[in-house]
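J.: Just the structure for this:
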Amino acid sequence: MPYAYYHRLSARSKRTYRRSDAIESVELSGAATFGNLASDLETALESENRSAVAATCQALADRLTDALQIDPLEAVVHLVRPSNSRSELHGLYEPGTRQQKARISVWMRTAKRRQVVAFRTFLRTFLHEICHHLDYELYGLRESFHTQGFYKRESSLFRQVVEPKPE
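T.: Purely as a prediction, here's the structure:
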């Protein structure tokens with residue numbers, strides 16, 4: 001069942017939405033190699049060291065894009081989430097251009113209390129932004145919609161990165 005905004009989309013966007021919704025998982029080969037990066041990320045967040053978090057995020061992004069054989073991206077970690085009176089930004093995906101790699105930005109501290117984001121929340125945000133990259137680079141979608149399939153792909157990645165299967 002599509003989300004409410006589906007009905008406001010053009011016919012072309014509706015086709016893209018349906019294609020996105022039909023893709024429910026991301027298949028990673030060698031997923032067992034991701035476990036160490038997940039625990040490294042958790043340790044880096046606990047240390048509250050932005051440079052260590054950024055380096056681990058970039059390593060994870062590189063491993064994921066290599067495993068999926070798609071264009072690499074730049075992972076940027078900022079300190080405090082930007083916010084306004086209604087919400088705060090958790091992550092951002094910026095598609096690449098001919099001159100520049102795609103970029104994902106994530107923030108490691110909450111806006112109001114400036115606390116380090118919980119590991120699982122941070123990783124899910126990071127993988128959410130990776131899924132936008134996959135929509136364009138792996139699946140060839142013209143737009144990246146938040147469909148039920150999109151969130152299933154995010155969960156699929158999360159399970160494989162955090163709970164890898166032994167090979």
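J.: Report the secondary structure element holding residue 12.
T.: Here residue 12, judged by DSSP states H and E, is contained in helix 11-22.
J.: Tell me where this protein has helices.
T.: 11-22, 35-47, 50-68, 119-137, 148-162 (DSSP state H).
J.: need those helices in a markdown table with distance to residue 78, can you?
T.: The C-beta positions use only the backbone N, C-alpha and C, and glycine is treated the same way. Below are those laid out as a markdown table (distance: least, Cβ to Cβ, whole Å):
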| stretch | distance to residue 78 |
| --- | --- |
| helix 11-22 | 27 |
| helix 35-47 | 14 |
| helix 50-68 | 8 |
| helix 119-137 | 12 |
| helix 148-162 | 21 |
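J.: Can I get the worst-scoring helix or strand of the chain on mean pLDDT as PDB, trimmed to CA atoms?
T.: Using mean pLDDT, DSSP states H and E, helix 35-47 stands out as the lowest-scoring helix or strand of the chain, at a mean of 93. C-alpha atoms of helix 35-47 as PDB (Å, rounded to 0.1, in the frame of the first residue of the first chain):
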ATOM      1  CA  GLY A  35      30.800  -7.000  11.400                       C
ATOM      2  CA  ASN A  36      34.100  -5.500  12.500                       C
ATOM      3  CA  LEU A  37      33.200  -2.200  10.900                       C
ATOM      4  CA  ALA A  38      29.900  -2.100  12.800                       C
ATOM      5  CA  SER A  39      31.600  -2.700  16.100                       C
ATOM      6  CA  ASP A  40      34.300  -0.200  15.200                       C
ATOM      7  CA  LEU A  41      31.600   2.400  14.500                       C
ATOM      8  CA  GLU A  42      30.000   1.700  17.900                       C
ATOM      9  CA  THR A  43      33.400   2.100  19.600                       C
ATOM     10  CA  ALA A  44      34.100   5.300  17.800                       C
ATOM     11  CA  LEU A  45      30.700   6.800  18.700                       C
ATOM     12  CA  GLU A  46      31.200   5.800  22.400                       C
ATOM     13  CA  SER A  47      34.600   7.600  22.300                       C
END
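J.: tilt between that helix and helix 119-137?
T.: 130 degrees (axes from the mean of the first three to the mean of the last three Cα atoms, to 10 degrees).
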